[in-house]
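K.L.:
after the sequence you'll find the predicted model.
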Amino acid sequence: MRKYKFMIMYENIVKSRMSWRRFDHCVNVCRVAGELAKKYGANKDKAMIAGMLHDITKESSLEYHMNIIRKFKIPITKHDTISKGILHSITGSTYAEKVLRIRDRDIINAIKYHTTGREGMSLLEKVVFVADFISEERDYQGVDRIRKCAWEDLDLGALAGLLFSINNLIKIKIPIHPNTVLAYNDIVIHRRRQFNSEQNPPFGKQNL
Ligand SMILES: [Fe+2]
Ligand SMILES: [Fe+2]
């Protein structure tokens, strides 16, 4: 009951901070994060909370992001300021931690790394990272393949999402955040070792 009350509260706060369209996205990410958590053995409540909150500062201005960064003395690198798209993950996790007083590190990190990924992502982080790519309203070209990968194998889904991002960033000549490269390498190295020892193709049946 207490958990339910918190979820309603988070949902109302998220709703008050964004357009209807983005709120719909957050609700869908929350839902699919819960489903992925159930399938892959992550904590479903945490996945749904992180999914609901992941874009909480997405529609805030650059000034808002910079104010949050200054106010809470968040260390940032030149790569963190590549785009507002990266900043909202950092300020969103700070909002969840400092304003909503969420103490669970895994939820905070799932929000913080939902855009870039990172090396050594936890199961919950991967669930939220992948959920953001495949939420119900997503209809970009290639989403079906990422969905298929995600339901076959969570690492495969994360890898497909990372490749999608990296390819798009290269196409439009936007720098790639080092965490994205590290996340990609991490999964590829891990899976190559695993599959090489099984003498199977590195990424299962999916052609990435
Ligand atoms: Fe986001
Ligand atoms: Fe999102």
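P.N.:
Looks like it arrived, so ask away. Ligands and ions are numbered 1, 2, ... in the order given.
K.L.:
okay, buried residues for the worst-scoring helix or strand of the chain on mean pLDDT please.
P.N.:
Within the chain, no helix or strand scores below helix 178-198, which has a mean of 85 by mean pLDDT, DSSP states H and E. Within helix 178-198, the residues scored as buried using 16 or more other Cβ atoms under 10 Å are 179-180, 182-184, 186-188, 191. Just so you know, the C-beta spots here come from the backbone N, C-alpha and C atoms, and that holds for glycine as well.
K.L.:
now for those, which pair is the farthest apart?
P.N.:
N179 and R191 (18.4 Å; Cβ to Cβ).
K.L.:
distance of D186 relative to I8?
P.N.:
Going from D186 to I8 by Cβ to Cβ, to the nearest Å gives 36 Å.
K.L.:
could you do S165 as well?
P.N.:
From S165 to I8 the distance is 32 Å (Cβ to Cβ).
K.L.:
repeat that for V29.
P.N.:
According to Cβ to Cβ, V29 and I8 sit 17 Å apart.
K.L.:
compare those two (neighbour count), which wins?
P.N.:
Counted by other Cβ atoms under 10 Å, V29 and I8 do not tie: V29 has more neighbours, with 29 against 9.
K.L.:
count of residues packed around the closest residue in space to D55 that isn't next to it in sequence?
P.N.:
Excluding the flanking residues, the one nearest D55 by Cβ to Cβ, 6 or more residues apart in numbering is C26, at 5.6 Å. For C26, the count of nearby residues is 24 (other Cβ under 10 Å).
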